[in-house]
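Q: This is a predicted model, with the sequence first.
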Amino acid sequence: MFHKILIANRGEIALRIIRTCRELGIRSVLAHSKADAHSLPMRMADETICVGPDAARLSYLNIPAIISAAAVTDSEAIHPGYGFLAENPAFAEVCRACSITFIGPSPEAIRLMGDKAQARQIAMQAGVPVVPGSEVALKDSADALAAADRIGYPIMFKAAAGGGGRGMRIVRERAEVVKAFDTCQSEAGAAFDSSEVYCEKFIENARHVEVQVLGDRNGIRIHLGERDCSVQRRHQKLLEESPAPLLAAETRAGLRRAALTVAAAVNYVSAGTVEFLVDGDGRFYFIEMNTRIQVEHPVTEAITGIDLVREQIRVADGDALGYRQDAVRLDGHAMECRINAEDPETFAPSAGRVTAWVPPGGFGVRVDSHLMAPYAVPPFYDSLLAKIIVRGADRAEAIDRMRRALRETVLEGVKTSIPFHLKVLDDPAFLEGRVGSVEVVRRRGGS
């Protein structure tokens, strides 16, 4: 087993990794920016090293600085968490070249699935259904118009190298195509250093369902069930649950088989997530694969009892999974709410200083957070403050438990998304399990 791991991330996921390292007897090294010099993960890590100033591009995205930090601290491996460099194939390649283990899939798998247009091709070749769309990146606005006319409206433009809801535009009429394509291309270039864009049919009121997979170097791949991530704002997930409600047994089984098929097609090793859209008739379509740990991974941990970060580390160290599909038990219903520093009505960022923080507790409640009071929310990174995860014997109990947990949470000094989550949990469509991927957000005043 590794003796020391460098964590190239911040916030709650950094703390999450530190805790698993401690349980495994592995020393943790936190690579941090100046803005995070007084954070809770800094207090918890065995060692810390500054890799740059506040801006992410000069610190958490600074590959030479992070590799140097690993070398200076004698770290054998780097865990990238999620975001930042987690899905950067060049970073994984540099780690390999420097004989540092990248805790995640191979650079080849990251590259293959990181390009959304290419990932579609791989899924199609493997016999997995995809949303009708352009098979290659669009060259220009004329090409975009031709593709949109062929596919039929509404369509969605997507950045080929995108993620997190950036570089995406829904187009409902031909007159909107050129402007939307140009805007999407510009956003993609700024966010991902690649302006390649493709388009696909936009499926109205589709559910966003993803399947968690694990693979080892011996070719053993298993799924750990699916998560429904349909409650979103601007394509950013806000609430996730497992198992996905109201799925026919045939659809559920098909999604899981398809996810393993996609993972096998790229010889996937480590934890990963295969994402699908499911329409009102139960038909599902592959949309992408996330080649990293997900923000919502605790939902799966709650119903399986499997520590996904621990499995990532074990597999990266060369261990076999040590169990097959029939050993995985999915028990109960779990749900996660992402608590963001945002105005719950407008979703505008809420900067400021957290003056009070009392997390919820009790039976079946888990909180993943880097918060402490007082704490100044840095304006340089995303607005995630905490994740509240609950587990119940069934969906109804999980919803009741989440309501209770949210109401007893004390978080003062900044506005948060908690009032929005409470509205969602009382929404009739959500309670019935029939929420399309933007339905609740639109009705409740979001965009």
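A: On my side now, so go ahead. Since the structure is predicted, the reported quantities are computational estimates derived from the model, not experimental observations.

Q: Could you point out which residue ranges in this protein have low pLDDT?
A: 163-165, 436-447 (pLDDT under 70).

Q: what's the longest strand in it?
A: As assigned by DSSP state E, the longest strand anywhere in the chain is strand 221-233.

Q: partners of that strand, with directions?
A: Using DSSP bridges, the strands paired with strand 221-233 are strand 207-215 (antiparallel), strand 236-242 (antiparallel).

Q: Name the SS class of D331, please.
A: coil (DSSP: H, G, I helix; E, B strand; the rest coil).

Q: For it, which non-adjacent residue is spatially closest?
A: Distances taken as Cβ to Cβ, 6 or more residues apart in numbering place I303 nearest to D331, at 5.7 Å, with adjacent residues excluded. The way it works is simple: take the backbone N, C-alpha and C, and place the C-beta from them, glycine included.

Q: Other residues contacting the host helix or strand of the one you found?
A: Under the criterion of DSSP states H and E, I303 resides in helix 297-304. If you take Cβ atoms under 8 Å, 6 or more residues apart in numbering as the criterion, helix 297-304 is touched by 212, 224-225, 227, 240-243, 271, 306-309, 328-336, 366, 368, 387, 389-391.

Q: what angle separates the longest strand of the chain from helix 297-304?
A: Going by axes from the mean of the first three to the mean of the last three Cα atoms, to 10 degrees, strand 221-233 is angled at 130 degrees with respect to helix 297-304.

Q: Report the residue ranges of every domain in this structure.
A: 4-97, 132-201, 207-443 (automatic domain parsing).

Q: nearest to Q118, of these?
A: Evaluated over the domains of the chain, closeness to Q118 peaks at domain 132-201, with 7.7 Å, by Cβ to Cβ.

Q: neighbours around the residue nearest to D331, how many?
A: Other residues near I303 number 22, with proximity taken as other Cβ atoms under 10 Å.

Q: and the gap between it and G254?
A: I303 sits 20 Å away from G254, going by Cβ to Cβ, to the nearest Å.

Q: Restricting to C-alpha, output the longest strand of the chain in CSV.
A: The C-alpha coordinates for strand 221-233 follow below in CSV (Å, rounded to 0.1, in the frame of the first residue of the first chain):
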residue,chain,number,x,y,z
ARG,A,221,-15.9,-4.5,-13.6
ILE,A,222,-19.0,-4.1,-11.5
HIS,A,223,-21.8,-1.6,-11.1
LEU,A,224,-22.9,-0.2,-7.7
GLY,A,225,-26.4,0.7,-8.8
GLU,A,226,-27.7,4.0,-10.3
ARG,A,227,-28.4,7.5,-9.1
ASP,A,228,-31.1,9.9,-10.2
CYS,A,229,-29.6,13.4,-10.7
SER,A,230,-32.6,15.1,-12.4
VAL,A,231,-32.9,18.0,-10.0
GLN,A,232,-30.6,20.6,-11.6
ARG,A,233,-30.0,24.3,-12.1
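
Q: tell me the SS of the residue most central in space within the chain?
A: The chain has Q294 as the residue nearest its centroid, 3.6 Å off, counting by Cα atoms, centre = their mean. Look at Q294: counting by three-state DSSP, its state is coil.

Q: Kindly report the same for T346.
A: Going by three-state DSSP: T346 is coil.

Q: who does the helix or strand following the helix holding I303 touch, helix- and strand-wise?
A: Following helix 297-304 in sequence order, the next helix or strand is helix 308-316 (DSSP H and E). If contacts are counted by 3 or more Cβ pairs under 8 Å, 6 or more residues apart in numbering; DSSP states H and E, helix 308-316 sits against helix 11-24, strand 77-79, strand 207-215, strand 270-278, helix 297-304.

Q: what do you get if the cut-off is 10 Å, keeping everything else the same?
A: helix 11-24, strand 77-79, strand 101-102, strand 207-215, strand 270-278, helix 297-304 (3 or more Cβ pairs under 10 Å, 6 or more residues apart in numbering; DSSP states H and E).

Q: I'd like those as JSON lines, with distance to Q185 appended.
A: Shown next, in JSON lines, are the helices and strands packed on helix 308-316 (distance: least, Cβ to Cβ, whole Å):
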{"stretch": "helix 11-24", "distance to Q185": "31"}
{"stretch": "strand 77-79", "distance to Q185": "32"}
{"stretch": "strand 101-102", "distance to Q185": "30"}
{"stretch": "strand 207-215", "distance to Q185": "24"}
{"stretch": "strand 270-278", "distance to Q185": "23"}
{"stretch": "helix 297-304", "distance to Q185": "32"}
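
Q: Many thanks, we can stop here.
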